[in-house]
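Enquirer: my questions are about this predicted structure, shown below with the sequence.
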2 protein chains.
Amino acid sequence: MNIGAAAEEAGVSAKMIRHYEAIGLLRPALRRDNRYRDYGDREVHELRFIGRARRLGFSIEEIRTLLALWRDDARPSRDVRRVAQAHLQDLESRIAEMQAMAGSLRELVAHCHGDSRPDCPILDGLGAARENG
Amino acid sequence: MNIGAAAEEAGVSAKMIRHYEAIGLLRPALRRDNRYRDYGDREVHELRFIGRARRLGFSIEEIRTLLALWRDDARPSRDVRRVAQAHLQDLESRIAEMQAMAGSLRELVAHCHGDSRPDCPILDGLGAARENG
DNA sequence: GCTTGACCTTCCAATGGTGGGAAGGTGTAT
DNA sequence: ATACACCTTCCCACCATTGGAAGGTCAAGC
């Protein structure tokens, strides 16, 4: 199976597959006589794992850890849970940050009449002398 | 006022101030005989504006637009509002995406007993054959 | 006057994850 | 043979920020 087909099946771009191999996330793919990379079900399965983890926001380094655990039949689920929970907390704190941003912004937008007049609470808020306003 | 002091006052790193100047977000600072950049209240005020906008998640290009509007006494507040609202919607959709991630992840974490046993719904979820699981 | 240390200057590189594209090889169908 | 779709490696760009090297400047203390 060529890289394009594997990419299609796994939901990861061919570009990224090569990249994952280059940074050592994946073992170098087998090559045909062509020098074309050759993928089987096992590799596609791994790629799908990576794709899904990326879509859940895990970093490459986190995925490196998760893949190692995945391959290890004797891993304690505790280790997996720790990685996932740390990432979840990271996600949650980033969400909270962005919600704070959105909240302030909504406030500013709500008070701006948004017509042809120049006075604008949004610009006033950004230019204000005090940091909390 | 040297760049360090201006950075301190405005809540933006000196490194970034130079960068903002290099990319044309800020007009080149006046220089002393030293060749040191020299900042006054007006410039610090602008830097503070930029810092606040960055903290609200506006991109450099958005800030470029906002700064131009800020400097233009005759801007229609409509234009400002449009920029802010577009950014707000962008923020909101990114928040929604991340909340979806966090939700799936919470689900997985909740079902993982997290002890010394190897079976783990988190890994099962990431490795699953189906995409929606 | 000379040293020390805290500033400042410019320039180059790295981060993370992904995409774009060049330049060239390969496979397959007409 | 020709066209086209795929593959290969390689380098570059994005965005915003940080780090560091190599060197200039200033103020304080001895």
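Expert: Done, it's in.

Enquirer: give me the pLDDT for the closest residue to residue A:127 other than its chain neighbours.
Expert: Using C-beta to C-beta, 6 or more residues apart in numbering or on different chains and skipping residues adjacent in sequence, the residue nearest residue A:127 is residue B:49, 5.0 Å away. C-beta: built from backbone N, CA, C; applies to glycine. Listed pLDDT for residue B:49 reads 97.

Enquirer: with residue A:128 instead?
Expert: Turning to residue A:128, the model gives it a pLDDT of 79.

Enquirer: sorry, back to before: the residue nearest to residue A:127 is in contact with residue A:125, isn't it?
Expert: No - using C-beta atoms under 8 Å, residue B:49 is not in contact with residue A:125; the gap is 9.8 Å.

Enquirer: still on that earlier bit, ok, now which ones touch the residue nearest to residue A:127?
Expert: Neighbouring residues of residue B:49 by C-beta atoms under 8 Å, 6 or more residues apart in numbering or on different chains: A:126, A:127, B:66, B:67, B:70.

Enquirer: quick one: the strands in chain A?
Expert: A:30-31, A:37-38 (DSSP state E).

Enquirer: ranking those strands by burial, who's on top?
Expert: strand A:37-38 (a mean of 17; mean count of other C-beta atoms under 10 Å in any protein chain shown).

Enquirer: partners of it, with directions?
Expert: Under the criterion DSSP bridges, strand A:37-38 sits next to strand A:30-31 (antiparallel) in its sheet.

Enquirer: does DNA strand C sit close to the strand it pairs with?
Expert: No - remark: strand A:30-31 sits outside contact range of DNA strand C, by C-beta under 7 Å from any atom of the strand, the gap being at least 11.1 Å.

Enquirer: now that strand: mean pLDDT?
Expert: For strand A:30-31, the mean confidence score works out to 96.

Enquirer: ok, now stretch A:8-24?
Expert: Here the average pLDDT along stretch A:8-24 is 96.

Enquirer: what does it rub up against?
Expert: Contacts with stretch A:8-24, where a contact means C-beta under 8 Å, 6+ apart, come from A:1, A:3-4, A:6-7, A:26-29, A:37, A:44, A:47-48, A:50-52, A:54, A:60, B:131.

Enquirer: pull out the buried residues from it.
Expert: A:9, A:10, A:12, A:16, A:17, A:20 (16 or more other C-beta atoms under 10 Å in any protein chain shown).

Enquirer: next, the residue nearest the centre of chain A: phi, psi?
Expert: When C-alpha atoms, centre = their mean is applied to chain A, the residue found nearest the centroid is residue A:57 (3.2 Å). Note on residue A:57: backbone dihedrals following degrees, to the nearest 10 are phi 90, psi 0.

Enquirer: residues contacting it?
Expert: Residue A:57 touches A:87, A:91, B:98, B:101, B:105, counting by C-beta under 8 Å, 6+ apart.

Enquirer: may I ask which two of those residues are separated the most?
Expert: A:87 and B:98 (11.5 Å; C-beta to C-beta).

Enquirer: between those two, tell me which one has more neighbours.
Expert: residue A:87 (21 against 17; other C-beta atoms under 10 Å in any protein chain shown).

Enquirer: the more buried one is in contact with residue B:104, isn't it?
Expert: No - contact criterion C-beta under 8 Å: residue A:87 and residue B:104 do not qualify, at 11.6 Å.

Enquirer: from residue B:81, how far out is residue A:37?
Expert: As judged by C-beta to C-beta, to the nearest Å, residue A:37 and residue B:81 stand 51 Å apart.

Enquirer: ignore what I typed, I meant residue A:51.
Expert: 39 Å.

Enquirer: show me what contacts residue A:103?
Expert: Per C-beta under 8 Å, 6+ apart, neighbours of residue A:103: none.

Enquirer: in the longest helix belonging to chain A, what counts as buried?
Expert: In chain A, with assignment by DSSP state H, the single longest helix is helix A:77-111. Of the residues in helix A:77-111, A:77, A:79-85, A:87-88, A:91, A:95, A:98, A:101-102, A:104-105, A:108-109 count as buried by neighbour count, 16+ other C-beta under 10 Å.

Enquirer: out of the residues you listed, which are close to chain B?
Expert: Among those, the residues lying close to chain B (C-beta under 8 Å from any C-beta of the partner chain) are A:77, A:80-82, A:84-85, A:87-88, A:91, A:95, A:98, A:101-102, A:104-105, A:108-109.
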